[in-house]
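J.: Pasting the sequence and the predicted model now:
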Amino acid sequence: MSIDRTKYLDEAEVKQLRTVTEAQAIVDLRAGRVNGPLAWMVVDIALSTGLRVSEIAALTVENVNLKRGSLTVHRAKKRRQSGPETLAIGKELVDHLRAYLTWRSARVSDLGLPATKGPLFVGGRGALTAQGLQRIWKSAVKRAGLPKELSIHCARHTIAVALLKRTGNLRQVQKQLGHSSPAITANMYADVSFEDMQQGVSGLYATA
């Protein structure tokens, strides 16, 4: 079984979403608006980590280790309670988180909240819930002109497809997603991707 093509973003869609969302963040940042910088961080962390939306909502400032380039993650669907995991993150996300935390610090101080601890994502009324993050994602997808069925969970499938294609390492994909068994990962992602199938049949009978 392979993952349904409607459940993940291809490379062009990822670029479109990231480009439009980052551009809006720059505009809003200059205008002193909150929505853009918040949406850009939500989109980037979802696409760069593959965390479930509940796991993203549970992140705190203390979970971010900029020096080591890692996040401490409390997995949502572990059969056995084995404690938090340390998830490696790329340099680009580290740089984005560093800038975001500086922005967040100034913002939450105005709200009377501690700057160096607490939920990573804060709205006007406090910590953003999974539902709040989903709404932010949907608005970003709409602004980017992408299909509305691309939920925030699609970011999880997206990084799995991209990571497997880049590394060919099913075990790495399993650890990235926090699956309890390699069989679960293999069952969903080890098949030929839609893009590979499409590339294979394109120009199949074209003459030289």
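T.: Thanks, I have the structure now.

J.: From here on, just use CA atoms for contacts and neighbour counts.
T.: Noted.

J.: now the residue nearest the centre of the chain, what's its secondary structure?
T.: Centroid check for the chain by CA atoms, centre = their mean gives Ala46 as the closest residue, at 1.0 Å. Reduced to three states with DSSP: H, G, I helix; E, B strand; the rest coil, the structure at Ala46 is helix.

J.: Quick check, pLDDT for it.
T.: Reading off the confidence values, Ala46 has pLDDT 95.

J.: Then Lys165?
T.: Predicted confidence (pLDDT) for Lys165: 80.

J.: repeat for the one 4 residues further on
T.: Here, the pLDDT recorded for Asn169 equals 73.

J.: Kindly provide the distance from the closest residue to it other than its chain neighbours to Lys91.
T.: Nearest in space to Asn169, with sequence neighbours left out and distances taken as CA to CA, 6 or more residues apart in numbering, is Leu163 at 8.0 Å. Using CA to CA, to the nearest Å, Leu163 is found at 16 Å from Lys91.

J.: More neighbours: which of those two?
T.: When Leu163 and Lys91 are compared on other CA atoms under 10 Å, the one with more neighbours turns out to be Leu163, at 16 against 12.

J.: what sits against the residue nearest to the centre of the chain?
T.: Contact analysis of Ala46 by CA atoms under 8 Å, 6 or more residues apart in numbering lists Arg52, Val53, Ile56, Ile152, Ala155, Arg156.

J.: What distance do you get for it to Val53?
T.: Ala46 sits 8 Å away from Val53, taking CA to CA as the criterion.
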